[in-house]
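Asker: Here is a sequence with its predicted model. Questions after.
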Amino acid sequence: MDYPIGYVRWTEKRNMQAFLQLVAEKKVSLQHITTHTFPIEQGEEAYKLITGERKERYIGILLDYGEFELSQTFTHLAPQVAVNGTHTVQPNAKRIAFIGAGSFATGYLIPHLRAIAGVELEVVCNATGLTGRKRAANFWL
């Protein structure tokens, strides 16, 4: 929930939006505050650094997932009926999955992805099955 701008100028949400916009415009550089980068396979080492088990000074830590092409993250599947039983999946659609169906996914990602022709939701993985099922059904509303 975001408070009206007349009451609270800088909510957490608006602050993050402004920060990400500045990064996208290259007006803020994270290069000087990134002190450590770990391949995802060494994520445990990053955790040790944060918990103090590894005695080093740090400011910003990045986990590097390596190079990948976005098209490799999609899978083309045969047509099937969606969770809500009213939507038939297109055979050549780009298939997506959500891991975590929180407020960012449901309030921002799902509405924008739903508006793109040829994009279909394949899987929603969430801590609770009922919420995951509801978010998947909402994709086609």
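Answerer: Nice, thanks for sending it over.

Asker: For Ala82, report the pLDDT, please.
Answerer: In this prediction, Ala82 carries a pLDDT score of 45.

Asker: Against Tyr3, how distant is the spatially most distant residue from the centre of the chain?
Answerer: Distance from the C-alpha centroid of the chain, by C-alpha atoms, centre = their mean, peaks at Lys55 (31.0 Å). For Lys55, the distance to Tyr3 equals 41 Å [C-beta to C-beta, to the nearest Å]. No exception for glycine: its C-beta is placed from N, CA and C like everyone else's.

Asker: before we move on, the earlier item: backbone dihedrals for the residue farthest from the centre of the chain, both of them.
Answerer: Note on Lys55: backbone dihedrals following degrees, to the nearest 10 are phi -90, psi 80.

Asker: By mean pLDDT, point me to the weakest helix or strand of the chain.
Answerer: helix 129-138 (a mean of 68; mean pLDDT, DSSP states H and E).

Asker: What segments of the chain are strands?
Answerer: Counting by DSSP state E, the segments of the chain that form strands are 34-39, 60-64, 94-99, 119-125.

Asker: who's in contact with the second one?
Answerer: Okay, so that is strand 60-64. Under the contact criterion C-beta atoms under 8 Å, 6 or more residues apart in numbering, strand 60-64 has outside partners 30, 33-40, 43, 46, 49-50.
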